[in-house]
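J.: Predicted model follows, preceded by the sequence.
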Amino acid sequence: MELANIENLLEKYDNATTSLQEEAALKDYFSSDEVAPHLIEYKALFTYFNDSKEERYTKTIPLKRKQTNFWWLSVAASVVLMISVYVMNTGVDQITPQERLEAEQALKDTKQAFQLISQNLNKGGNVALAGLGEFEKAQNKVFKTE
Amino acid sequence: MKQTEFLNTVLPLKDKVYRLAKRLLVSRDEAEDATQELYFKLWKNKKKLKDYKNVEAFAMTMTKNYCLDQLKAKRSNNLTLVHSNYKDGNISLQKEMELKDSVSKVHELIETLPEKQKMIIQLRDVENYEFEEIGKILDLQPTAVRVALSRARKTIREQLTKQHNYGIS
């Protein structure tokens, strides 16, 4: 293409009045090796546009996501919950009379043991309080506050 | 829209979506994430897609909106963009090096433009859309597109010329 023509097109290009065909012609001209020296800065511009268009999206696009996993997870959780509740409820009822008797015996024994301990503790407490009284007497003797 | 139809009409747009996202979001990773996210959204709305006359314009509009939202969120979080995916070529010829330099200079110059001009440059000079289509995508009058494009082209050209003359003298 003639140089004058190119210059004309470039002016139109700057004013954004070129058609797509004219812009394609400009791109063609500037991708050739024979570019007029005073237009060299346009070469970078059009080379850049050509290069940019070559860029590709290279990753794969997953259309279906792991969303369904959450659905299954909630189902699994509710199943686990129901099973555990069921096991716990039935587990209480499955005590044999023998076990019940043993448990009651154990409760009785334990109560007795606690009773014994508390009685003895009471005794000990009384002794300690008596000791304190002795101490007070001695103190009064020494300091004679009254 | 059936899966095959989706694969035939929407999937081929993935490069354009990615390039526009990269133009706006700058970093490759973010553009890839955005593309994935957008395709997920498109796929979810595939039933509605056939109601749109121009699926391509719709997809590009979605890309624009999504990326601008991302940018807004980023700015309010005070995060800075991670730049630079410039390719480094090992070409020994001085002239080609110079050209390479000014090509990546073009990239930097476009990055400094306002978002609207960036998008218009991308859609017109890289993707070769008609002004009417760009207007539809960006929700602008075709004349407004023309004006913004002219402004963007002149800015880039002036900066390049300045750079070039500086190199000579």
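T.: Looks like it arrived, so ask away.
J.: Against A:Tyr48, how distant is the residue nearest to B:Ile156 when sequence neighbours are not counted?
T.: With sequence-adjacent residues excluded and distances taken as CB to CB, 6 or more residues apart in numbering or on different chains, B:Ile156 is closest to B:Leu109, at 5.0 Å. Every C-beta, even on glycine, is put in place using the N, C-alpha and C of the backbone. Applying CB to CB, to the nearest Å, the value for B:Leu109 to A:Tyr48 is 9 Å.
J.: Up against chain A, what does chain B have?
T.: Near chain A, the residues belonging to chain B are B:11, B:14-15, B:17-19, B:22, B:32, B:35-36, B:39-40, B:43, B:99, B:102-103, B:105-107, B:122, B:125-128, B:130, B:146-147, B:149-150, B:153-154, B:156-157, B:160-161, B:163-164 when assessed by CB under 8 Å from any CB of the partner chain.
J.: hmm, which of the residues you listed are the buried ones?
T.: With neighbours counted by 16 or more other CB atoms under 10 Å in any protein chain shown, those contain buried members at B:14-15, B:17-19, B:22, B:32, B:35-36, B:39-40, B:43, B:99, B:102-103, B:105-107, B:122, B:125-127, B:146, B:149-150, B:153, B:156-157, B:160, B:163-164.
J.: Give me the spatial nearest neighbour of B:Val106, chain neighbours excluded.
T.: Per CB to CB, 6+ apart, closest to B:Val106 is A:Tyr48, 4.1 Å.
J.: B:Val103 is in contact with A:Ala44, isn't it?
T.: Yes. The criterion here is CB atoms under 8 Å, and B:Val103 meets it with A:Ala44 at 4.9 Å.
J.: and the helix or strand of chain B with the lowest mean pLDDT, what other elements does it pack with?
T.: The weakest-scoring helix or strand in chain B, judged by mean pLDDT, DSSP states H and E, is helix B:94-112 (a mean of 81). Contacts defined by 3 or more CB pairs under 8 Å, 6 or more residues apart in numbering or on different chains; DSSP states H and E place helix B:94-112 against helix A:40-53, helix B:115-121, helix B:142-168.
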